[in-house]
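Novice: Got a predicted structure here, sequence first:
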Amino acid sequence: MLRDSSMPQGNVHIIRINSDSLKGNLLGDPHVRDVAVYVPHGHDGAGLPLLVDLVGYTGSGLSHINWKSFGENVPQRLDRLFASGEMDPAVVAFPDCFTRLGGNQYINSAAMGDWEDFLIAEMLPALEAQFKCGGAGRRGVFGKSSGGYGSIVHAMRRPDVWSAAACHSGDMAFEICYLPDMPLVLRALAKKGGSIEKFLNDFEAGPKWDGKDIHVLMVLAMAATYDPDPDAYMGIQLPVDPETCDVIDARWQEWLKWDPVLMADDADVIANLKTLKGFWLDCGTVDQYNLLYGARRMHRKLEKSRVKHVYEEFDDNHSSIDYRMDKSLPFLVRALSE
């Protein structure tokens, strides 16, 4: 789809944040991070709600502002939604949270870095000071896949910061979405003598990256996120026995502490979600990572606890579903305007 050149275009600004929260991470990733900030046409940002886009694994917020074939990037989508009147104006931030392990779950980790603190304690104040947007009751967070995970977990943990959230196909029900990948990971590591360090060094040497290896890398990133071991290489330890793939209960329990479906059993978490002005949850009916079943479990728990939310299933898989933003983003801005 070619862009309508007559449509008013918003402006994208790049700000750079020198983060204390990310210094000293075990991955050796940079602590200076760029954030792209979209401001709608005819506005300078002042008084507008603020939305933060958390992208999926292997992505960066900066990738959402790039040119896109046969479709729109997110700023172009926003231009269209604003011009059509489907969505009221809002400032939208696209932080670069890419890591050496290929992605982010947007929580604090002794290995990956304190990403929750970066987003909340460093990025938000910088954006709101410069663009005079957001503020209490006027902040929303959204994302897909790992970004959907980050959005729902932030909503569960920090309703003092976020007043609305949208989770598209977010990671949840860990025994369904992660454990089935463990044999693949062990086979890949066995080819490297069981060494995570050798696997990562060989992966980084390239020059091409096989999809299966990226999937292995994703599991290693999850391990460094949910159960980091400061004494292990890049903080990575797996929750399964390397010979038998038996689950190591003590390790797996650390992962499960971060499973949104199980987190929803906590009365305090439910109380937090009830304070939101708006909460959106959706997933494709043929999601290839089996995330539909976690979404359904979450929906049932939210209904049982009488947490107000919108839940939708759509006829698609996990890939190329940015079009779902056409529903969730206007919903978030309406909620933040109440």
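Specialist: Alright, I've got the coordinates.
Novice: Give me the below-cutoff pLDDT ranges for the protein.
Specialist: 1-3 (pLDDT under 70).
Novice: Spell out, range by range, the strands that occur in it.
Specialist: Applying DSSP state E to the chain gives strands spanning 11-18, 32-39, 50-54, 91-95, 108-109, 113-114, 139-144, 164-168, 278-284, 310-314.
Novice: so which of those gets nearest Ala221?
Specialist: strand 108-109 (9.7 Å; Cβ to Cβ). (Glycine included, C-beta is placed from N, CA and C.)
Novice: contacting residues for Asp322?
Specialist: For Asp322, the contacting residues are 71-72, 74, 77, 144, by Cβ atoms under 8 Å, 6 or more residues apart in numbering.
Novice: among these, which ones are buried?
Specialist: Applying 16 or more other Cβ atoms under 10 Å to the contacts of Asp322, the neighbour count classes 72, 74, 77, 144 as buried.
Novice: So in the protein, which helix runs the longest?
Specialist: In the chain, with assignment by DSSP state H, the single longest helix is helix 211-226.
Novice: same for that helix, what does it pack against?
Specialist: strand 108-109, helix 182-190, helix 196-205, helix 249-256 (3 or more Cβ pairs under 8 Å, 6 or more residues apart in numbering; DSSP states H and E).
Novice: Can you give me the distance of the most centrally placed residue in the chain to Ala165?
Specialist: The centre of the chain sits closest to Gly147, judged by Cα atoms, centre = their mean, with a distance of 1.4 Å. According to Cβ to Cβ, to the nearest Å, Gly147 and Ala165 sit 11 Å apart.
Novice: Touching, Ile270 and Met263? I think so.
Specialist: No. In this structure, Ile270 is not within contact of Met263 by Cβ atoms under 8 Å, at 9.5 Å.
Novice: between the two, who's got more neighbours?
Specialist: Counted by other Cβ atoms under 10 Å, Ile270 and Met263 do not tie: Met263 has more neighbours, with 22 against 18.
Novice: burial of Gly103, as a residue count?
Specialist: For Gly103, using other Cβ under 10 Å, the count is 25.
Novice: Neighbours of the residue lying closest to it once chain neighbours are set aside, how many?
Specialist: Leaving aside its sequence neighbours, Gly103 sits nearest to Tyr57 (Cβ to Cβ, 6 or more residues apart in numbering; 3.6 Å). Tyr57: 23 surrounding residues under other Cβ under 10 Å.
Novice: try Leu50
Specialist: For Leu50, the count of nearby residues is 22 (other Cβ under 10 Å).
Novice: Show me the beta-bridge partners of it.
Specialist: With DSSP bridges as the criterion, Leu50 is bridged to Val91, Arg139.
Novice: Surely it touches Arg138?
Specialist: Yes. Between Leu50 and Arg138 there is a contact at 6.4 Å, judged by Cβ under 8 Å.
Novice: closest to His13 among the contacts of Asp322?
Specialist: Using Cβ to Cβ, Val74 is the member of these that lies nearest His13, at 14.5 Å.
Novice: Look up how far Tyr323 lies from that closest one.
Specialist: Remark: distance between Val74 and Tyr323 (Cβ to Cβ) = 11 Å.
Novice: distance of Asp160 from Leu124?
Specialist: For Asp160 relative to Leu124 (Cβ to Cβ), the value is 12 Å.
Novice: again, but for Leu22
Specialist: 15 Å.
Novice: Helices along the stretch 1-150 of the chain, start to end?
Specialist: 74-84, 115-117, 124-131, 146-157 (DSSP state H, counting those that start in this stretch).
Novice: out of these, which comes closest to Tyr226?
Specialist: Once the helices of the stretch 1-150 of the chain are compared by Cβ to Cβ, helix 146-157 is nearest, at 10.7 Å.
Novice: Go through stretch 223-240 and flag the buried ones.
Specialist: Here stretch 223-240 shows 223-229, 232-240 as buried, counting by 16+ other Cβ under 10 Å.
Novice: So which of these is the closest to Ala173?
Specialist: Using Cβ to Cβ, these come closest to Ala173 at Tyr226, 14.1 Å.
Novice: My read is that that closest one contacts Gln253, right?
Specialist: No. Shown here, Tyr226 and Gln253 do not form a contact pair, counting by Cβ under 8 Å, at 10.2 Å.
Novice: circling back: deepest-packed of the strands of the chain, please.
Specialist: strand 164-168 (a mean of 30; mean count of other Cβ atoms under 10 Å).
Novice: Determine how far that one lies from the middle of the whole chain.
Specialist: 10 Å (Cα atoms, centre = their mean, to the nearest Å).
Novice: other SSEs contacting it?
Specialist: Short answer (3+ Cβ pairs under 8 Å, 6+ apart): strand 164-168 packs on strand 139-144, helix 146-157, strand 278-284, helix 325-336.
Novice: and the angle for the shortest one with strand 50-54?
Specialist: Meaning strand 139-144. 20 degrees (axes from the mean of the first three to the mean of the last three Cα atoms, to 10 degrees).
Novice: same deal with the second one?
Specialist: When the same axes, to 10 degrees is applied, the directions of helix 146-157 and strand 50-54 differ by 130 degrees.
Novice: residues in contact with helix 146-157?
Specialist: By Cβ under 8 Å, 6+ apart, the list of residues contacting helix 146-157 reads 53-57, 59, 103-107, 116, 119-120, 141-143, 161-162, 165-172, 258, 260, 263-264, 269, 272-273, 276, 279, 281, 298.
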